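Trainee: Model the following, please.
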Amino acid sequence: MRSILLLLFCSAILFTGCNGGSATANKNAAPEVKRGVAPVADAEIAVIEMENASAYGTIKIELYSNIAPKMVERFKELAREGFYNGTTFHRVNQSVIQAGDLNSKDDDPANDGTGGSSKPNVDAEVSDIPYDTAIVGAARSQNFNSANSQFFITLKREPGFDNKYTIFGKVIEGMNNVRTISGVQPKQGERPVEAVRIKSVTIQPKN
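Mentor: Next up, the predicted model:
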């Protein structure tokens, strides 16, 4: 029973925030699921460098344009613009770490998780890839088509996320750092009291 309640809670938290851009008001029906397509890594990866490098290191993510071309394009675009630089991992729990909210740069912790970029929201690109450990997904509100800039990384298998959130990548290096971030204490709710801040997200050629 405890595990079921935890799963329901963790699923609910991903429905917050991501309100940047214009919502697609009449397009909130459950999206069609792309089935039977294996993810193919792009020639470029995303590299997350943390401000406190000695504690949190680097996280490298392969990106799946063949699965979620619009979300990958948006993520690369924002990274190249420096949007993610200075944002924090504002949501940390046993299931995910989540970042990408512009509001996390300001001095008001109460608004963390409620923002996005000024760009239009991205429609859902849901696939049947399972939410295993290290998957990178697009956070959204209750509107399926409200992904914008926020993203999350799974810490373990999360079957409750399957077919519900866009998958656009996977951590290929630095899951130890993801786990370190997930264990940060103290927290106020799910937000670390001491900011776990991203120094930069860059798009680099895959070695």
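Trainee: Just name the shakiest helix or strand of the protein by mean pLDDT.
Mentor: helix 2-13 (a mean of 42; mean pLDDT, DSSP states H and E).
Trainee: Please work out which residues outside the helix or strand just after that helix touch it.
Mentor: Sequence order places strand 44-50 as the next helix or strand after helix 2-13, per DSSP states H and E. Applying CB atoms under 8 Å, 6 or more residues apart in numbering, the contact partners of strand 44-50 are 56-63, 75-76, 79, 84, 169, 172, 174, 177, 196-206. In short, each C-beta sits where N, CA and C put it, glycine included.
Trainee: Tell me, please, where in the protein the pLDDT is lower than the cut-off.
Mentor: 1-27 (pLDDT under 70).
Trainee: What segments of it are helices?
Mentor: Using DSSP state H, the helices found in the chain span residues 2-13, 53-56, 69-81, 175-182.
Trainee: Counting by contacts, list what the third one packs against.
Mentor: Spelled out, it's helix 69-81. strand 44-50, strand 58-63, strand 167-173, strand 198-205 (3 or more CB pairs under 8 Å, 6 or more residues apart in numbering; DSSP states H and E).
Trainee: angle of that helix against strand 198-205?
Mentor: 120 degrees (axes from the mean of the first three to the mean of the last three CA atoms, to 10 degrees).
Trainee: chain center to helix 69-81: distance?
Mentor: Offset of helix 69-81 from its chain centre (CA atoms, centre = their mean, to the nearest Å): 12 Å.
Trainee: For it, list the C-alpha coordinates in PDB.
Mentor: Provided in PDB are the C-alpha atoms of helix 69-81 (Å, rounded to 0.1, in the frame of the first residue of the first chain):
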ATOM      1  CA  PRO A  69      12.000  15.600 -32.300                       C
ATOM      2  CA  LYS A  70      10.100  18.700 -31.000                       C
ATOM      3  CA  MET A  71      11.200  18.300 -27.400                       C
ATOM      4  CA  VAL A  72      14.800  17.600 -28.300                       C
ATOM      5  CA  GLU A  73      14.800  20.700 -30.600                       C
ATOM      6  CA  ARG A  74      13.400  22.800 -27.800                       C
ATOM      7  CA  PHE A  75      15.900  21.400 -25.200                       C
ATOM      8  CA  LYS A  76      18.900  22.100 -27.600                       C
ATOM      9  CA  GLU A  77      17.600  25.500 -28.400                       C
ATOM     10  CA  LEU A  78      17.200  26.600 -24.800                       C
ATOM     11  CA  ALA A  79      20.600  25.100 -23.900                       C
ATOM     12  CA  ARG A  80      22.300  27.000 -26.700                       C
ATOM     13  CA  GLU A  81      20.600  30.200 -25.500                       C
END
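Trainee: Show me what that helix is in contact with.
Mentor: If you take CB under 8 Å, 6+ apart as the criterion, helix 69-81 is touched by 42, 44, 46, 63-65, 84, 100, 117, 119, 122-123, 125, 138, 147-149, 151, 166, 168-169, 201-203.
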